[in-house]
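Attaching a predicted model along with its sequence, questions to come.
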Amino acid sequence: MIYRTLKSAAGPLALGGLALAAMSHPVLAQEAAEAAPEFASASETAFIFNTLLFLMGGFLVMWMAAGFAMLEAGMVRTKNVSMQLLKNVALYSIAGIMYWVVGYSLMYVDVTGYIGSFAPYSWPAAGTANEGDYSVASDWFFQMVFVATAASIVSGTLAERIKLWPFLIFVVLLTGFIYPVAGSWKWGAGWLDAMGFQDFAGSTLVHSVGGWAALAGAILLGARNGKYTSDGKVSPIPGSNMALATLGTFILWLGWFGFNGASQLALGSMGPNADASDISRIFANTNLAAAGGVVAALVLTQLMYKKVDITFVLNGALAGLVSITAEPLTPGPFMAIVIGAIGGVIVVLTVPLLDKLKIDDVVGAIPVHLIAGIWGTLAVPLTNGDASFGVQIVGIVAYGVFAFVASFIVWTVLKAVMGLRVSAEDEMNGLDVAEVGVEAYPEFMPMHGR
Amino acid sequence: MIYRTLKSAAGPLALGGLALAAMSHPVLAQEAAEAAPEFASASETAFIFNTLLFLMGGFLVMWMAAGFAMLEAGMVRTKNVSMQLLKNVALYSIAGIMYWVVGYSLMYVDVTGYIGSFAPYSWPAAGTANEGDYSVASDWFFQMVFVATAASIVSGTLAERIKLWPFLIFVVLLTGFIYPVAGSWKWGAGWLDAMGFQDFAGSTLVHSVGGWAALAGAILLGARNGKYTSDGKVSPIPGSNMALATLGTFILWLGWFGFNGASQLALGSMGPNADASDISRIFANTNLAAAGGVVAALVLTQLMYKKVDITFVLNGALAGLVSITAEPLTPGPFMAIVIGAIGGVIVVLTVPLLDKLKIDDVVGAIPVHLIAGIWGTLAVPLTNGDASFGVQIVGIVAYGVFAFVASFIVWTVLKAVMGLRVSAEDEMNGLDVAEVGVEAYPEFMPMHGR
Amino acid sequence: MIYRTLKSAAGPLALGGLALAAMSHPVLAQEAAEAAPEFASASETAFIFNTLLFLMGGFLVMWMAAGFAMLEAGMVRTKNVSMQLLKNVALYSIAGIMYWVVGYSLMYVDVTGYIGSFAPYSWPAAGTANEGDYSVASDWFFQMVFVATAASIVSGTLAERIKLWPFLIFVVLLTGFIYPVAGSWKWGAGWLDAMGFQDFAGSTLVHSVGGWAALAGAILLGARNGKYTSDGKVSPIPGSNMALATLGTFILWLGWFGFNGASQLALGSMGPNADASDISRIFANTNLAAAGGVVAALVLTQLMYKKVDITFVLNGALAGLVSITAEPLTPGPFMAIVIGAIGGVIVVLTVPLLDKLKIDDVVGAIPVHLIAGIWGTLAVPLTNGDASFGVQIVGIVAYGVFAFVASFIVWTVLKAVMGLRVSAEDEMNGLDVAEVGVEAYPEFMPMHGR
Amino acid sequence: MKIVMAIVKPFKLEAVREALTGLGIQGLTVTEVKGYGRQKGHTEIYRGAEYAVTFLPKVKIEVAVDTDMVDQVVEAIAEAARTGQIGDGKIFVHALDRAVRIRTGETGVEAL
Amino acid sequence: MKIVMAIVKPFKLEAVREALTGLGIQGLTVTEVKGYGRQKGHTEIYRGAEYAVTFLPKVKIEVAVDTDMVDQVVEAIAEAARTGQIGDGKIFVHALDRAVRIRTGETGVEAL
Amino acid sequence: MKIVMAIVKPFKLEAVREALTGLGIQGLTVTEVKGYGRQKGHTEIYRGAEYAVTFLPKVKIEVAVDTDMVDQVVEAIAEAARTGQIGDGKIFVHALDRAVRIRTGETGVEAL
Ligand SMILES: Nc1ncnc2c1ncn2[C@@H]1O[C@H](COP(=O)(O)OP(=O)(O)O)[C@@H](O)[C@H]1O
Ligand SMILES: Nc1ncnc2c1ncn2[C@@H]1O[C@H](COP(=O)(O)OP(=O)(O)O)[C@@H](O)[C@H]1O
Ligand SMILES: Nc1ncnc2c1ncn2[C@@H]1O[C@H](COP(=O)(O)OP(=O)(O)O)[C@@H](O)[C@H]1O
């Protein structure tokens, strides 16, 4: 049986020479050179495992882009579904390109404390040696998918009224500059990292940053027409498709195992405290926190409203996930459930609060990502002795100020230059007709009046 | 390039000390201590692989929760879609929590033959040594996702008429107690395991147990209004969304590679009969059995009805998967196809049979999971010499009696205490309006009359 | 804690004997036999990694079957959705069976240069030694999922008018014979491989072959009624569900990491040029090319039509993916973006071209898979020094002639024997009512007239 | 000839159809509509905010009949559709000048 | 003035629209409906059980016209919609008392 | 009694409903329809090919009223639905012979 021409000459048996090259102790090297074909190198095995973790984690987080797309498509009205889908496909693509153009370097390369360097980031070409504990391209891939998450959050909040192009330009700046600079402070080993700020997989760094950007946009953009009546009441605008919203939530939940699990950043270490064990704990905790968020929202909406609002339950799952993201490793199972459940409670209580402030957040992204993200970051010291409340608050505030102010400026400029909002008529007719030209369900006539 | 602060000090090079600690032979240990930094420990490499298998298998099976949600949402009427989605999100969450609260211990810890122990099950805290061949948290995660499957089966059968809360209470008891106790008999190394009962990934243990619980509920709950006319005819109630039903089936199919494949329970063993090879056979067989189920249902419905009923074809895929689940390793490819195809035939023939008995199973879960599950369990001795028909029948009967009787008692008590069924009016208006308060497709006016 | 009865006696500690057997140098063997329980064998570790790559890649590519199903279900009209879903479930199943019946052997076993051998292909039974660098069953699984992709392409182009059974018979022949024979020329190490033709993951071999088969069918089948008006105009027929189309595109995008990444065919090699690093580059490039295709289609449709056509953007993502598939490893990030972007441009420009020729391609599969596939294959020499334009063209032409002619003959025979096309009345009423008997959204009344 | 237009609860459609078939009525047309009468809708809560559901789903049944049959038809519909609760619906009758069966070109009562 | 209400096969909508445009008709209203006449539906099988599809999809075209034009309009619709098979549909005509164009407030024939 | 049938822009439904409620109207029926009048639709491009969107979504509001109230009702609808742009819609009025409230059996003006 012959199977596809091998792409790489370096099969397992090519190992000998490499192992040799990697050795420094001459006598051992001598012995090893002979034995090498038989045993696997520890560091090279670890290299493969670590890289595999990034690739697996990466494709799982990439899948979250679909999750956001489905969730948001389900939460907007029929007339805006194509637009919402389009925005999600576009933002994921733009994020991926911008993170190569400049984002990754700004975040990780020669970080001075507050910012990295301006340059495209390229990994070694095929056939070039790749040093370190993992493939740098796998690391880039894994970091890249995170930045799209932040942009998806913005897209959900501002749905049904923002014009396509100013939104996409904001995404360029968010994913190329705002997020990477903020990210460098902690994950790029900048000043917040030096201070001891803890944010394992990014409750603050990813979710709150996205949430702040969304909040700034929501304030400048204003609410959808008809959301708040002239007599100060909220006039709910139900989402068009709960099946899509649920599918999106499940996709996000699945992707979160990559988001949190692969943020362990290593799989290949050996020994009793192996990273593999830590990742396993993270998987279990991540799931328990989401479950806690679901059950909390389920019970709370039943008690408060006598019916179970499925949109709150879906938000509850996500809020549970965001809450555990700042520290998915150290909590025991009970604490994981509690941390997630508080996230679920937060959503149910703060969605109406935002409405009181007339901040129109179509999918509930601000409660889920920003507020639960803050909660999760504050909860780290409860289970992780390396974290302190003081430093966590410094981090939360620093990220809040930077992300909100930077986003606010960008939104303001965009508003001045090209306008953010579609015309009232386009909003009424739906963005699909106005800007996309393709209705999402063209054979289906939406029902007017309730 | 600096990349996120490392979470773990134990990089690959920290291996030396550990390897040392693990050794008993003094001379070898001496040599190894020097060589250790260069070579990977076999047992520790295996530990990582095994853990990885559980995590990958686990996230694939977790994804099946989305599959059940989509399948069931597609098979119910528009007016009950939100409820069905909600039930699936809730049951997966409850299952996850209950399996920590007591389920896992009942199933695997100190099993006396018939039952394990009553206690929450927690894995070692972060930073504690984790002995054995795999991370115990990864094992918990993998076992946990299985229990949700059993609950999903129940949800599908009883759709469109059961009240939310009694259903959820049943899920608490099923996932916390009934399933774990039953599971302990075989996978917990209890009495059926001692007898030699074979059920690789749970045709009986998971699928039939879920099916029996569903059957008990369906009998007590009665059929949906209008399903059976007064003159004894069946009045079909078409599902609302074949795209969702198909998506759900594909999701389940994908997840099943984790369900069956990772039930090999080890990936890291080496040698010519490596677990990796066995898992590969399982993947291939699992796929062939599903394909067999599809083709059988396709051909059979064409012959019987002159049209190909897509719902039977989707059920056929799942029945093929359930059929191979009891033994996905030993069959050759031809047998895998045959076993799956018989599953497909079973579905096409037994769905109308259930209707004759006026047992209203909305998604066909009883034929797919219970009946095909029995078939799969009976088919094990055809290809696996370690199994005998006698013992397989003992297992099938034991599980059937226990799961059916226990479920029947729980359903009876719930019925007496709080009632199982929504009012006729709520059923007519749909559970979404009655219990969820959020319609699945609120802008879409369902069509009445056919 | 006891966990499910172990299926395999060969735990990691069973390694000793194996390592021994594998050694040739007696003194080393002596030492190794003692040390063996402690260190992992390099070749056996690689065996597991390689097998894992095939399994992971395989399940990701399997998931693409769902992607095609959703994409196509979203691009057809409501009245043909069930049929399109059914075809996709059926073709994936048939492909899987046929590839065992004869396909794999024709492609890989004893290839003479132009064709392999006629025989079912079975992997070693459970418990039999499995030689080589990976589990052969995992390889079979991975190759099998590729063949379904080729068939899905055909299904998309010919949607909404082809009868179920002739289509399925074509799938039998395509997946059992046409694709495998063509595949043997390159991946089976046949004549084109000997010539130096380069097609890493199958831009030509999989995508163009599917595209040619679709083109032949489209010519013989003719356009859908009403697509081209008598005065020579195109009368567009909008797809029914953009959410499904977008979901399908995201699924395909995710699956493509398996498609391209696992086509590296090895993960376990060690050393600085490890396969793990190459796979990482492939992941990054694959993502960048898709992103390039999206951005190109986005900008181009905005410029050309003043609105952004989401269906072109989705096609753009896929065209980017197809374009990079012939060589996802050697391009740097910038080239990956460019190659993908040209794919996106191709789609936007050639879809209307096909319409000019009155070739009715419902989902745009010919531009995406055939034309972008040719482009991708031609682009290989731009970054890969081993490829030459001349040989690439020979390959493209050879595959084109063979796939088109063979398909044309099969379609012609099918047309003569049983007819390809449903009656005008069935086409009008929709294939769901005519051939499936189950409408996709039965409670939803499609809107007539625009 | 008259057109009888009845607006009834959706789940009563089948009963009305049967009642009309019982009278020998050979054709009718159904439209999905929404409306309100004395039955005023209700309030729902979505994401913590209350809103009124003003319009409730109904089906509109239109049947063209010979003037002779109007009483019978109205009676039959009313009986079949009645549950005794608000929201049972209304029946409206108006004159029909002309009816044509497209296939055959028949007109008048023949065409019904 | 009269209202002509035609219930035709959905795929005939475009032909009817063209025929009416040919007569100079400048406006019409279309509703998705279901119904049956001589054409009685058919049976389908779902999961092994037979059921009757009683109602078939149709479109209802309503067009308000000057009384003078009624004959022409009825004729044009009938011709455009006819396939000669059962299920071709029906045309009903009834009186229209008043018509108002909302934008301008014009009434009567002016408003059509 | 009369039936007033108004075809208006969908987003005006709520305003019309409120205007009618203001007049004391206690019931109405709404249908989703499509149509065209002077407002002729527009062209869209899909996958590079232009096509005409002939029919635009509208809602049809039917309300049965006492003859006395017709003028008021027509006036109120027209006012509430007017934007001054083409596509504002039309109002048609025709006679209603009989009305029955199914629940109680009341007839005539009582039943409205
Ligand atoms: N005056 C009216 N004009 C038009 N339709 C009406 C009118 N009154 C009621 N309807 C229709 O009849 C349906 C049923 O009315 P219903 O609430 O049963 O009235 P009631 O309780 O007064 O008999 C309403 O939903 C509406 O569609
Ligand atoms: N008496 C009637 N009253 C109202 N609508 C009718 C009547 N008869 C037929 N229709 C409508 O006309 C449509 C077409 O009727 P059709 O089956 O073509 O009747 P026929 O074959 O008797 O001409 C039906 O689906 C129904 O919607
Ligand atoms: N003659 C007619 N008969 C039936 N419906 C009509 C007629 N003219 C217009 N309509 C309906 O009224 C709606 C609004 O018409 P519109 O375009 O506003 O007309 P105009 O601009 O002439 O007032 C149309 O979409 C159509 O549904």
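Noted; the coordinates are in hand. Ligands and ions are numbered 1, 2, ... in the order given.

low-scoring stretches of chain D, by residue?
Judged against pLDDT under 70, chain D has no low-scoring part.

from chain D, which residue is nearest to ligand 2?
Nearest to ligand 2 in chain D, going by C-beta to the nearest ligand atom, is residue D:27, at a distance of 2.2 Å. Every C-beta, even on glycine, is put in place using the N, C-alpha and C of the backbone.

so how far is residue A:141 from that residue?
Here the criterion is C-beta to C-beta, to the nearest Å. By it, residue D:27 lies 64 Å from residue A:141.

If you count surrounding residues, which of the two has more?
More crowded of residue D:27 and residue A:141, by other C-beta atoms under 10 Å in any protein chain shown: residue A:141, with 31 against 21.

dump the residue contacts of that one.
If you count contacts by C-beta atoms under 8 Å, 6 or more residues apart in numbering or on different chains, residue A:141 has them with A:54, A:55, A:58, C:280, C:283, C:284, C:287.

residue at max distance from the center of chain D?
residue D:48 (36.5 Å; C-alpha atoms, centre = their mean).

wait, isn't that residue in contact with residue A:350?
No - using C-beta atoms under 8 Å, residue D:48 is not in contact with residue A:350, being 9.6 Å away.

Helices of the stretch 51-200 of chain A, start to end?
A:81-98, A:104-108, A:136-157, A:164-173, A:179-186, A:191-195 (DSSP state H, counting those that start in this stretch).

and of these, who's closest to ligand 2?
Across these, closest to ligand 2 is helix A:81-98 (C-beta to the nearest ligand atom), at 31.7 Å.

That closest one vs helix A:164-173, what angle?
Angle of helix A:81-98 versus helix A:164-173, following axes from the mean of the first three to the mean of the last three C-alpha atoms, to 10 degrees, is 30 degrees.

How about helix A:81-98 and chain F, any contact?
No - Helix A:81-98 stays clear of chain F (C-beta under 8 Å from any C-beta of the partner chain), getting no nearer than 11.5 Å.

From the chain's centroid, how far away is that helix?
14 Å (C-alpha atoms, centre = their mean, to the nearest Å).

do stretch A:158-165 as well
For stretch A:158-165, the distance to the chain centre is 20 Å (C-alpha atoms, centre = their mean).

Is it in proximity to chain D?
No - using C-beta under 8 Å from any C-beta, stretch A:158-165 stays clear of chain D, with a minimum separation of 14.4 Å.

Output the below-cut-off pLDDT ranges for chain A.
In chain A, residues with pLDDT under 70: A:1-37, A:272, A:449-450.

Repeat the analysis, applying 50 as the threshold.
Where chain A drops to pLDDT under 50, the residues are A:1-3, A:5-36.

And the residue of it that's closest to ligand 2?
Counting by C-beta to the nearest ligand atom, chain A gets nearest ligand 2 through residue A:445, at 18.5 Å.

does residue A:220 really touch residue A:413, like I thought?
No - taking contacts as C-beta under 8 Å, residue A:220 lies outside contact range of residue A:413: 10.5 Å.

count of neighbours near the residue of chain A closest to ligand 2?
Neighbours of residue A:445 using other C-beta under 10 Å come to 21.

ok so it is a strand residue?
No - counting by DSSP: H, G, I helix; E, B strand; the rest coil, residue A:445 is not found in a strand; it is coil.

which residues sit in contact with it?
With C-beta under 8 Å, 6+ apart, residue A:445 has these contacts: C:447, E:32, F:32, F:34, F:57.

tally of neighbours for the third one?
Residues lying near residue F:32 (other C-beta under 10 Å) number 22.

cool, the fourth one as well?
Around residue F:34 there are 24 other residues, counting by other C-beta under 10 Å.

Can you give me the neighbour number for the residue nearest to it when sequence neighbours are not counted?
Among residues not flanking residue F:34 along the chain, residue F:55 sits closest, at 3.7 Å (C-beta to C-beta, 6 or more residues apart in numbering or on different chains). Residues within reach of residue F:55, counting by other C-beta under 10 Å, total 20.

Fine, thanks again, bye for now.
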